[in-house]
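J.: this one's sequence-less:
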């Protein structure tokens with residue numbers, strides 16, 4: 001996943017996806033000869049990370065994906081609206097809570113999740129073979145692979161409720177289908193893998209391995225999973241260890257968190273690494289299963305989809321835009337609003353020019369600014385053809401951890417301590433402390449604006465049972481989980497059961 005090792009990822013994917021290894025010339029790489037050195041295992045490991053980058057991918061060769069993960073985590077929420085003229089039909093349907101098992105987003109993300117799990121399992125399966133690894137190297141690779149396997153299963157659990165638990169490689173194409181797992185079994189497997197990662201991984205890596213997961217990241221994820229599991233006492237113990245002795249801290253400036261020249265900062269727990277730029281960074285070859293992936297860096301189409309359209313300079317799509325509901329959630333003086341959203345009259349920045357933002361460029365009169373803005377309008381963050389940018393995705397950061405910790409404190413009667421955590425977040429945003437002791441509603445409000453236009457709001461709506469409050473009569477209890485892709489249901493031959501209502 002590290003930027004200088006993109007070629008290693010591509011080489012690994014190329015041979016691993018081949019279905020006719022016996023037809024390759026004898027001097028070419030095979031699975032029997034590949035898993036020998038630490039460099040070999042690095043390449044295989046980075047391929048597992050690479051599947052995460054594809055969540056937002058654009059592909060013209062597989063399912064015709066168009067940034068699908070944004071649709072099912074952000075466009076679906078009250079924070080974002082799909083442009084009713086320029087965006088695709090699935091975006092507009094999802095924005096209106098019209099969800100089908102045959103929709104591309106669910107097949108795309110399901111595929112990437114289980115591809116990532118397969119790649120992690122492949123590393124684990126080959127650790128005990130004949131290779132040159134030391135016992136310490138094997139331990140670290142086991143921890144890293146199990147971290148990612150747990151991470152992918154956790155995403156599947158949040159999305160689908162009872163997805164299969166894929167804990168080993170299954171030989172034979174006829175036996176690939178797996179049944180639904182129970183949530184209890186999934187939580188057990190996820191926590192066991194994160195525990196192994198916390199024990200085996202180093203606390204930090206050298207600068208040549210920036211972005212690889214650490215033991216502290218694994219501990220931070222254990223706490224997050226415990227919150228989802230409603231083991232609030234366990235989460236408090238875990239988070240207090242991370243907060244007291246871990247390497248993380250809040251940055252003094254909210255804008256600094258998302259700055260291209262400040263990737264992997266002290267607030268970053270788990271960050272999706274992007275490379276680039278190459279000269280041929282066409283958006284549709286970022287998907288690492290595309291036949292031309294060797295021509296491109298791995299980057300993100302965030303700007304292509306989210307930057308202003310409708311005649312705005314830069315000529316982007318502007319498919320999705322922040323809503324008035326999100327804008328109205330910010331208190332007066334909240335510095336996060338100006339980092340997150342472009343409004344009428346703001347100075348709008350592209351790599352071409354800067355000029356006052358015109359609200360006619362968006363159907364809501366606003367455009368996403370987070371990860372964008374003047375600080376991030378630098379050539380190194382953009383492909384020459386302007387389709388891609390390379391600012392890392394800050395997936396899990398210390399600001400969220402502190403709010404998860406505050407939630408656990410509230411749920412166990414420690415409202416005073418929770419208030420301190422929330423006030424830390426508010427202080428960084430330029431806001432005064434809460435007027436009194438924090439309530440769950442205060443926590444929910446603070447998390448919404450702190451994490452705005454990051455892929456978390458939908459899962460909070462679901463687990464806090466806010467669906468009827470947020471969406472009114474449009475809400476249906478079946479939305480607590482998404483449908484399994486119909487293609488997977490069909491392929492399983494009845495082994496995988498569809499979620500109720502789809």
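T.: Received it, and whenever you're ready, just let me know what you need. Everything numeric here is computed off the predicted structure, so don't read it as measured data. Residues are numbered from 1 along each chain as shown.
J.: and residue 227, what element?
T.: helix 215-228 (DSSP states H and E).
J.: which stretches of the stretch 1-150 of the chain form strands?
T.: Along the stretch 1-150 of the chain, the stretches classed as strands by DSSP state E, counting those that start in this stretch are 80-82.
J.: which intervals of it have sub-threshold pLDDT?
T.: 1-32 (pLDDT under 70).
J.: ok, back up a step: quick check: next helix or strand after the helix holding residue 227?
T.: Using DSSP H and E, the next helix or strand after helix 215-228 towards the C-terminus is helix 232-245.
J.: is it true that residue 195 touches residue 222?
T.: Yes - assessed by C-beta atoms under 8 Å, residue 195 is found in contact with residue 222 at 6.8 Å. Just so you know, the C-beta spots here come from the backbone N, C-alpha and C atoms, and that holds for glycine as well.
J.: about what we covered before: off-centre distance for the helix holding residue 227?
T.: Relative to its parent chain, helix 215-228 has a centroid offset of 15 Å by C-alpha atoms, centre = their mean, to the nearest Å.
J.: orientation of it relative to helix 232-245 in degrees?
T.: Helix 215-228 and helix 232-245 are oriented at 150 degrees to each other (axes from the mean of the first three to the mean of the last three C-alpha atoms, to 10 degrees).
J.: So which bits of helix 215-228 are buried?
T.: Across helix 215-228, burial judged by 16 or more other C-beta atoms under 10 Å covers 215-228.
J.: max-length helix in the protein?
T.: Secondary structure assigned by DSSP state H gives helix 135-160 as the longest helix of the chain.
J.: Show me what the following helix or strand past that one is packed against.
T.: Downstream of helix 135-160, the next assigned helix or strand under DSSP H and E is helix 183-200. Applying 3 or more C-beta pairs under 8 Å, 6 or more residues apart in numbering; DSSP states H and E, we find helix 183-200 packed against helix 135-160, helix 215-228.
J.: And the longest one, what does it pack against?
T.: Counting contacts by 3+ C-beta pairs under 8 Å, 6+ apart, the secondary-structure elements packed against helix 135-160 are helix 38-53, helix 104-126, helix 183-200, helix 215-228.
J.: Export those as JSON lines, with columns for distance to residue 411.
T.: Listed next are the helices and strands packed on helix 135-160 as JSON lines, based on distance: least, C-beta to C-beta, whole Å:
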{"stretch": "helix 38-53", "distance to residue 411": "30"}
{"stretch": "helix 104-126", "distance to residue 411": "29"}
{"stretch": "helix 183-200", "distance to residue 411": "17"}
{"stretch": "helix 215-228", "distance to residue 411": "9"}
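J.: ok so, going back, let's have the helices and strands packed on helix 183-200 in CSV, adding distance to residue 498.
T.: As requested, those are arranged in CSV below (distance: least, C-beta to C-beta, whole Å):
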stretch, distance to residue 498
helix 135-160, 10
helix 215-228, 23
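J.: Please identify which of those helices is closest to residue 90.
T.: Residue 90 sits nearest to helix 135-160 of all the helices and strands packed on helix 183-200, at 16.0 Å, using C-beta to C-beta.
J.: next one: the closest one to chain centre, how far?
T.: Per C-alpha atoms, centre = their mean, the centroid offset for helix 135-160 relative to its chain is 15 Å.
J.: Could you give me the buried positions within stretch 178-193?
T.: Result for stretch 178-193 [16+ other C-beta under 10 Å]: buried residues 178, 180, 181, 186, 187, 189, 190, 191, 193.
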